[in-house]
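*Asks:* Take a look and give me a structure for this.
(chains A and B)
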Amino acid sequence: ELKVEQNPLFLSMQEGKNYTIYCNYSTTSDRLYWYRQDPGKSLESLFVLLSNGAVKQEGRLMASLDTKARLSTLHITAAVHDLSATYFCAVDFSGAGSYQLTFGKGTKLSVIP
Amino acid sequence: NAGVTQTPKFQVLKTGQSMTLQCAQDMNHNSMYWYRQDPGMGLRLIYYSASEGTTDKGEVPNGYNVSRLNKREFSLRLESAAPSQTSVYFCASRLDVAKNIQYFGAGTRLSVL
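*Replies:* Residues are numbered from 1 along each chain as shown, chains lettered A, B, ... in the order given. Got it, this is the predicted structure:
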C-alpha cells in the first residue's frame, strides 16, 4: 500500500520568508504532482514531476523530485499573502495494471503580513 | 472552457435517502475518478474508470456505486446515504491513466443528516 506523507501539515509564515514543504512516499514511483487548493475551491495543478531530479519553478514556488529518496519538496521563496492555501502532493501508483493518484493529507499554508 | 462539470454543487440528504452525483468532462479524456475529501484526510479515491466501459474500486468504495455512462460522463450513486458519507466529493479526469495531470471539478458538498 502506497503511503504519502506531507510535513508540516500546518505552516504559518511571515511574508518575505522562505520555507520548504516535504512530501515522502513509500513505494517506487517516478510521477509526482503538486496541487493547490484555496478554501472552498477545487484543486489546481501546480507542477508535474516525471523523472528523478526533475525541478519545476513557477513564480515563488519551486518543486523538485528525488525518486531514490522517495522525496519531493515544494520550496517557497519570499512568501506573499496570495500563496496562502492548502498544498497537496500526489503520487502515481500502479496497482492492478492501472495508475491511481494517492494524495498526501495536505499542508495548510498561512502567510502573515 | 468548461473542463470538468459536477452537479449538484450542494446537497442535503436524510439518512437512508439515495442520490446520484453527476460528472461530465469535455476534454476527451479517457480516465475519470471520484474522490471524497474530509478534513485532515486529504483526498481519497472512491472509484475510477480507466477507460469507457470499465470501472474499478479505489480506497474507500463501500456505500457507493458508479456508472461510466459514456466517455464524457461518470456518475456516483449513494444508494442509502449515511452520516459518515458527509463530505466534499470531487470528480476528476485525465487523458490516460498515467503521466497526465488530473483535472478536477468544483466539488459537491454533501451533508447527510
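*Asks:* what's the worst-scoring helix or strand of chain A on mean pLDDT in contact with?
*Replies:* Least confident element among the helices and strands of chain A, by mean pLDDT, DSSP states H and E: strand A:98-103 (a mean of 81). Here strand A:98-103 makes contact (CB atoms under 8 Å, 6 or more residues apart in numbering or on different chains) with A:2-4, A:25, A:31, A:33, A:88-93, B:33, B:42-45, B:48, B:50, B:56, B:58-59, B:97-98, B:102. The C-beta positions use only the backbone N, C-alpha and C, and glycine is treated the same way.
*Asks:* same question, stretch B:8-23
*Replies:* With contact meaning CB under 8 Å, 6+ apart, stretch B:8-23 is reached by B:4-7, B:32, B:34, B:73-83, B:89, B:91, B:105-113.
*Asks:* which residues does the residue nearest the centre of chain B bridge with?
*Replies:* Central residue of chain B (CA atoms, centre = their mean): B:W34, 2.8 Å from the mean position. For B:W34, the residues forming beta bridges with it (DSSP bridges) are B:Y47, B:C91.
*Asks:* in what helix or strand does the residue lying closest to A:G104 once chain neighbours are set aside lie?
*Replies:* In space, and not counting its chain neighbours, A:G104 is closest to A:Q6: 3.7 Å by CB to CB, 6 or more residues apart in numbering or on different chains. Using DSSP states H and E, A:Q6 falls within strand A:4-7.
*Asks:* What's the first helix or strand after that strand?
*Replies:* Next element after strand A:4-7 (DSSP H and E): strand A:10-14.
*Asks:* Check whether that following strand comes near chain B.
*Replies:* No. Between strand A:10-14 and chain B, judged by CB under 8 Å from any CB of the partner chain, nothing touches; the nearest distance is 10.3 Å.
*Asks:* Residue numbers of chain B in contact with chain A?
*Replies:* Contact residues (CB under 8 Å from any CB) of chain B with chain A: B:33, B:40-45, B:48, B:50, B:56, B:58-59, B:90, B:97-99, B:101-107.
*Asks:* List only buried entries from these.
*Replies:* In terms of neighbour count (16 or more other CB atoms under 10 Å in any protein chain shown), the buried residues within the residues of chain B next to chain A are B:33, B:42-45, B:48, B:50, B:56, B:58, B:90, B:97, B:102-107.
*Asks:* Up against chain B, what does chain A have?
*Replies:* Contact residues, chain A versus chain B (CB under 8 Å from any CB): A:4, A:9, A:31, A:33, A:41-45, A:48, A:50, A:88, A:90, A:92, A:94, A:96, A:98-106.
*Asks:* List the contacts of the residue lying closest to B:F74 once chain neighbours are set aside.
*Replies:* Spatial nearest neighbour of B:F74, excluding adjacent residues (CB to CB, 6+ apart): B:M32 at 3.9 Å. By CB under 8 Å, 6+ apart, B:M32 lies in contact with B:23, B:25, B:48-49, B:68, B:74, B:91-93.
*Asks:* Tell me what angle the helix or strand containing B:M32 forms with strand A:98-103.
*Replies:* In this structure, B:M32 is located in strand B:31-38 according to DSSP H and E. Per axes from the mean of the first three to the mean of the last three CA atoms, to 10 degrees, the angle that strand B:31-38 makes with strand A:98-103 is 30 degrees.
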